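Engineer: Output the structure for:
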Amino acid sequence: MRVHDAAVIGAGQAGLSTSYHLTRLGIEHVVLDANTRAGGAWQHRWDELSMADVHRVADLPGEPRASDDPNERANDAIPRYFADYERKYELPVMRPVDVRRVRREDGLFVIESTTESGPQQWHARTLVNAAGTWTRPFVPSYPGQADFAGRQLHTVDFPGSHWFEGRRTIVVGGGASAVQFLGMLAPIVGPDQVVWVTRSEPVWRTDDFTPEAGRAAVEMVAERVRAGLPPRSVVSVTGLALREQETKAADLGVYDARRPMFSRIEPGGVRWDSPESGGAAFEPADVILWATGFRPAIDHLAPLHLRAPGGGIHLAADETTAVADPRVQLVGYGPSASTIGANRAGRSAARGIRRALKETAN
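Structural biologist: Numbers count the residues shown, from 1 in each chain. Just a heads-up that it's a prediction; the model follows:
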């Protein structure tokens, strides 16, 4: 039985950043990735997402700039960049390894997984969870949802804007994805064929999103995980801003026509009961596009009993160490769930692993 000093679950941006820093510290480890190829969640994003859209947020430590072509598809450029990065730094990534469950046994972490050759177990002294959120899309529940006769899609299912031609669409969500989808759809399907619905009034940024503002936003999310509460998304505290790509949709008035959350879903559309709904009581729809975010992929950690009474995993002041078991590091969770904090979290996690190994050796 081989025992690794550390096991990293996930080879997206946070996982590769962690592996890079573990390698620099000389810590033996393995990275277990469920995908069949490099690229993390980026390989699953829609074709219309270009490198101009992502603004270099996927840059990895020691090797900035995934692509110089702003028109290149992000789901091509970033997986290629990640694959080159793994090879250049000889990162020990194993794939496809789908981690199902992590438990403790005799002072070690036992990682139960499925691979192409069948079930397999991995053993490690320390653990880094970098599984991210892409595999845990969140769709809220509303009365009548199961009776809707049209299509319901989540961000992970987005088929491209031209698929929506001729289909009246309700876009649900108050985050950056909803804003981007509206920006793509309104000029193509027409502003009268797309309706924006959010639970609360959007908060728009009017100032520049500086690095200082980004760090302040990450800190606001970090406060929750340090208190053991479920994390909020970083975008929930950064506010929204329209990019150049959304200018045409803004001119069409689609962002000004936002409606509050509907009361229920009917076979042919959605309905509001409140007289303050800001429009017709019923909106017909062929598609409901849920741009409602994601939840952390941490179910496989349930046997470790890391959750605090507040419902989240309580992290230490370094924002990656699990208070319930300091041998466990979480990256891509809470403040590092956004690309804003992923690389910093990888460095912090590697240091946390080094600290835990020293403590267990004494």
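Engineer: all helices of the stretch 151-300 of the chain, in order?
Structural biologist: In the stretch 151-300 of the chain, the segments counted as helices under DSSP state H, counting those that start in this stretch are 176-189, 211-226, 235-238, 247-251.
Engineer: so where's the protein uncertain?
Structural biologist: The model of the chain has pLDDT under 70 over residues 66, 206-222, 224-225, 227, 231-239, 275-278, 335-341.
Engineer: Could I get the buried residue list for the longest helix seen in it?
Structural biologist: Taking DSSP state H as the criterion, the chain has its longest helix at helix 339-361. Buried residues in helix 339-361, counted by 16 or more other CB atoms under 10 Å: 339-357. Yep, even glycine has a C-beta here, placed from its N, CA and C like the rest.
Engineer: before we move on, what about stretch 122-129?
Structural biologist: Buried, per 16+ other CB under 10 Å, within stretch 122-129: 122, 124-129.
Engineer: Got the domain ranges for this protein?
Structural biologist: Using automatic domain parsing, the domain parsing of the chain gives 3-135+294-361, 145-204+240-290.
Engineer: ok, residue 109 to residue 125 distance?
Structural biologist: Residue 109 is 7 Å from residue 125, where distance means CB to CB, to the nearest Å.
Engineer: Between those two, which contacts overlap?
Structural biologist: Common contact partners of residue 109 and residue 125 (CB atoms under 8 Å, 6 or more residues apart in numbering): residue 327.
Engineer: so what does the longest helix of the chain touch, helix or strand wise?
Structural biologist: Contact here means 3 or more CB pairs under 8 Å, 6 or more residues apart in numbering; DSSP states H and E; on that basis helix 339-361 packs against strand 3-9, helix 13-24, strand 118-129, helix 211-226, strand 328-330.
Engineer: Next, the angle from that helix to strand 3-9.
Structural biologist: Helix 339-361 runs at 160 degrees relative to strand 3-9, counting by axes from the mean of the first three to the mean of the last three CA atoms, to 10 degrees.
Engineer: any idea how far helix 339-361 is from the chain center?
Structural biologist: Its chain's average C-alpha position is 20 Å from that of helix 339-361, according to CA atoms, centre = their mean, to the nearest Å.
Engineer: Then stretch 261-281?
Structural biologist: Its chain's C-alpha centre and that of stretch 261-281 lie 30 Å apart, by CA atoms, centre = their mean.
Engineer: do the same with stretch 147-167
Structural biologist: In terms of CA atoms, centre = their mean, the centre of stretch 147-167 is found 20 Å from the chain centre.
Engineer: Next: stretch 126-137.
Structural biologist: Relative to its chain's centre, stretch 126-137 lies at 9 Å (CA atoms, centre = their mean).
Engineer: do the same with stretch 297-312
Structural biologist: Put simply, stretch 297-312 sits 18 Å off its chain's centre (CA atoms, centre = their mean).
Engineer: what two of the buried residues of stretch 122-129 are the furthest from one another?
Structural biologist: The two members of those with the most space between them (CB to CB) are 125 and 129, at 15.0 Å.
Engineer: What ranges does the stretch 251-362 of the chain have for its strands?
Structural biologist: For the stretch 251-362 of the chain, applying DSSP state E, counting those that start in this stretch gives strands covering 259-260, 264-266, 269-271, 282-284, 287-290, 328-330.
Engineer: which other helices and strands contact the fifth one?
Structural biologist: Spelled out, that is strand 287-290. Packed next to strand 287-290, using 3+ CB pairs under 8 Å, 6+ apart, are strand 151-154, strand 169-172.
Engineer: Rebuild the ones you listed as TSV, extending it with distance to residue 143.
Structural biologist: As requested, the helices and strands packed on strand 287-290 are exported to TSV (distance: least, CB to CB, whole Å):
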stretch	distance to residue 143
strand 151-154	14
strand 169-172	15
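Engineer: mind putting those in TSV, mean neighbour count and distance to residue 118 included?
Structural biologist: Below are the helices and strands packed on strand 287-290 laid out as TSV (neighbours: other CB atoms under 10 Å; distance: least, CB to CB, whole Å):
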stretch	mean neighbour count	distance to residue 118
strand 151-154	18	31
strand 169-172	23	40
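Engineer: what's the closest of these to residue 322?
Structural biologist: Residue 322 sits nearest to strand 151-154 of all the helices and strands packed on strand 287-290, at 28.8 Å, using CB to CB.
Engineer: Contacts only, for residue 11.
Structural biologist: By CB under 8 Å, 6+ apart, the contact set of residue 11 is 19, 31-33, 35, 38, 40, 82, 86, 91, 93, 95, 130.
Engineer: Would you reformat these as TSV and include distance to residue 257?
Structural biologist: Formatted as TSV, the contacts of residue 11 follow (distance: CB to CB, whole Å):
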residue	distance to residue 257
19	46
31	46
32	46
33	42
35	39
38	41
40	35
82	39
86	45
91	47
93	46
95	45
130	39
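Engineer: From those residues, pick the one nearest residue 226.
Structural biologist: Distances from residue 226 to the contacts of residue 11, taken by CB to CB, are shortest for residue 130, at 19.4 Å.
Engineer: Secondary structure element holding residue 26?
Structural biologist: Using DSSP states H and E, residue 26 falls within no helix or strand.
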